[in-house]
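**Student:** Kindly generate the corresponding structure for this input.
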Amino acid sequence: MSIRAVVWDIDDTIFDYTAADRSGMRGHLAAEGLLDAYGTVELALAHWRQHTDRQWARFAAGEATFEEQRRDRVRAFLGRELTDAEADAWFHRYLGHYESGWALFPDVLPVLDALAGSHRHAVLSNSSLHVQEPKLRVLGVRDRFEAVLCAAELGVSKPAPEAFHAACDALGLPPGQVAYVGDHPEIDGRGAHEAGLLSVWIDRDGAHTVTAVPAAGPCRIASLAELPALLGADTRFGAPSTFG
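**Tutor:** Take a look at the predicted model:
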């Protein structure tokens, strides 16, 4: 069965979230006079990402709303009680710095151009439309995708099969005709594979060991330049997988 559509993750797949988060938090902590409180910027960032992951897990489990996990992330990071309004204000000040660093990965536009005539495209993100729709518009790629689906509105998040199947339903295609591209080996890679999609895990920095992915699981690539060849697209763009 041929692949007719590609569903994309956003953060750290097409959008360089890690770099934007790093530069944004650095600028925000400096503006807030908090750099010295964490020893180094890297320690502060590690602390922030730890609480981000923890609070996001609560949201994914249905234990907190999207807004609540943001507020609790700020409270945990600062280690003090804040009103909802205070937490919201702090987070929005951070967003100003974070958004100034938004950028696509360099391989994104070439691969979208290469696949434009051969495949349909959509987005599935474990975030909210309130966050991701404006991001895609600022990055100049919203019109590349037929549909944008997010966990906050779906009521289910990756790696649940229902999330991936919702994206397939939005395209009117069975899972076997859809590829999913994401950066997380479990949430994206294993989740899409177990939902019956062609799962493509992009591991840009090669930080994960090959044994983290079973041979029958997700296809592992290091650059989106490898994707057209993997999909069998009629294009000169692409290269053989560096992972074999």
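**Student:** Please make it C-alpha for all contacts and neighbour counts, starting now.
**Tutor:** Fine.
**Student:** From the chain's centroid, how far away is the lowest-mean-pLDDT helix or strand in the chain?
**Tutor:** The helix or strand of the chain with the poorest confidence is helix 41-60; it has a mean of 89 (mean pLDDT, DSSP states H and E). Offset of helix 41-60 from its chain centre (Cα atoms, centre = their mean, to the nearest Å): 15 Å.
**Student:** So what touches it?
**Tutor:** 22, 25-26, 35, 38, 64-66, 69-70, 72-73, 76-77, 126, 151, 156-157 (Cα atoms under 8 Å, 6 or more residues apart in numbering).
**Student:** What about the residues you listed, which are in helices?
**Tutor:** 22, 25, 26, 66, 69, 70, 72, 73, 76, 77, 151 (DSSP state H).
**Student:** of all those, which comes closest to residue 92?
**Tutor:** Using Cα to Cα, residue 70 comes nearest to residue 92 of the ones in helices among the contacts of helix 41-60, at 10.2 Å.
**Student:** The closest one: neighbouring residues, count only.
**Tutor:** Around residue 70 sit 20 other residues, with neighbours defined as other Cα atoms under 10 Å.
**Student:** ok, it - contacts?
**Tutor:** Contacts of residue 70 (Cα under 8 Å, 6+ apart): 55, 88, 91.
**Student:** Just give me the closest of those residues to residue 171.
**Tutor:** residue 55 (30.8 Å).
**Student:** Of the contacts of residue 70, which is the nearest to residue 186?
**Tutor:** residue 55 (17.9 Å).
**Student:** Next, count neighbours for that closest one.
**Tutor:** Neighbours of residue 55 using other Cα under 10 Å come to 23.
**Student:** do residue 103 as well
**Tutor:** 17.
**Student:** Same question for residue 117.
**Tutor:** Neighbours of residue 117 under the rule other Cα under 10 Å: 11.
**Student:** before we move on, back to that, need the buried ones from the contacts of helix 41-60 selected in PyMOL.
**Tutor:** This is how PyMOL selects the buried members of the contacts of helix 41-60, with burial counted by 16 or more other Cα atoms under 10 Å:
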select buried, resi 22+25+26+35+64+66+69+70+72+73+76+77+126+151+156+157
